[in-house]
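**Q** Quick one: sequence plus predicted model below, questions after.
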Amino acid sequence: MRGAGGRRLIGRLNHVAIAVRDLGKAASIYRDLLGAEVSAAVPQPDHGVTTVFVTLPNAKIELLEPLGPDSPIAKFLDRNPDGGVHHICYEVGDIRTARDALKSAGARVLGDGEPKIGAHGKPVLFLHPKDFAGTLIELEQA
Ligand code: CO
């Protein structure tokens with residue numbers, strides 16, 4: 001892949017998403033064992049997951065449990081039955097500018113390439129893990 005011309009495309013780490021089979025158990029680990037601020041579970045039927053947000057001083061952790069038969073994290077949990085880090089989300093200024101720069105550098109954007117409204121009500125895109133050091137990357141417009 002070519003570079004993106006040395007421009008800094010990503011900003012702050014927004015969240016790390018962890019896929020789990022048992023959201024209650026995972027939420028308890030963060031709330032009761034680690035003492036973090038943990039939200040109630042929020043079903044996100046548009047995204048095929050139920051989400052718990054863990055708020056840390058500098059970023060969030062999102063705990064994701066499959067919701068419905070076609071959950072996008074079902075296959076991941078088949079491969080990782082104990083759960084695991086599913087994706088990392090970085091903030092970008094303008095998501096279409098970032099997408100176009102990455103695509104012209106040869107990176108693959110998942111889906112139809114058009115930003116969707118993510119779990120925080122902001123436009124998001126996902127980037128192919130094979131182009132990003134084996135990690136599924138989410139970009140969120142800050
Ligand atoms: Co995410």
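**A** It's in.

**Q** Could you identify the longest helix within this protein?
**A** helix 95-104 (DSSP state H).

**Q** elements contacting the helix or strand just after that one?
**A** Following helix 95-104 in sequence order, the next helix or strand is strand 116-117 (DSSP states H and E). Strand 116-117 sits against strand 123-127, with contacts defined as 3 or more CB pairs under 8 Å, 6 or more residues apart in numbering; DSSP states H and E. To be clear about C-beta, it is placed using only N, CA and C from the backbone, and glycine gets the same treatment.

**Q** Helix or strand next in line after the strand it packs on, which one?
**A** strand 137-141.

**Q** Give the rounded mean pLDDT of that next one.
**A** Strand 137-141 carries an average pLDDT of 97.

**Q** For the worst-scoring helix or strand of the chain on mean pLDDT, which strands pair with it and how are they oriented?
**A** When the helices and strands of the chain are compared on mean pLDDT, DSSP states H and E, strand 116-117 comes out lowest with a mean of 91. Note on strand 116-117: by DSSP bridges, its sheet partners are strand 123-127 (antiparallel).

**Q** from the chain's centre, how far out does the strand it pairs with sit?
**A** Centroid displacement of strand 123-127 relative to its chain, using CA atoms, centre = their mean, to the nearest Å, is 8 Å.

**Q** so, in contact with the ion or not, that strand?
**A** No: against the ion, strand 123-127 shows no contacts by CB under 5 Å from the ion, the least distance being 7.0 Å.

**Q** tell me the angle of that strand relative to strand 137-141?
**A** 160 degrees (axes from the mean of the first three to the mean of the last three CA atoms, to 10 degrees).
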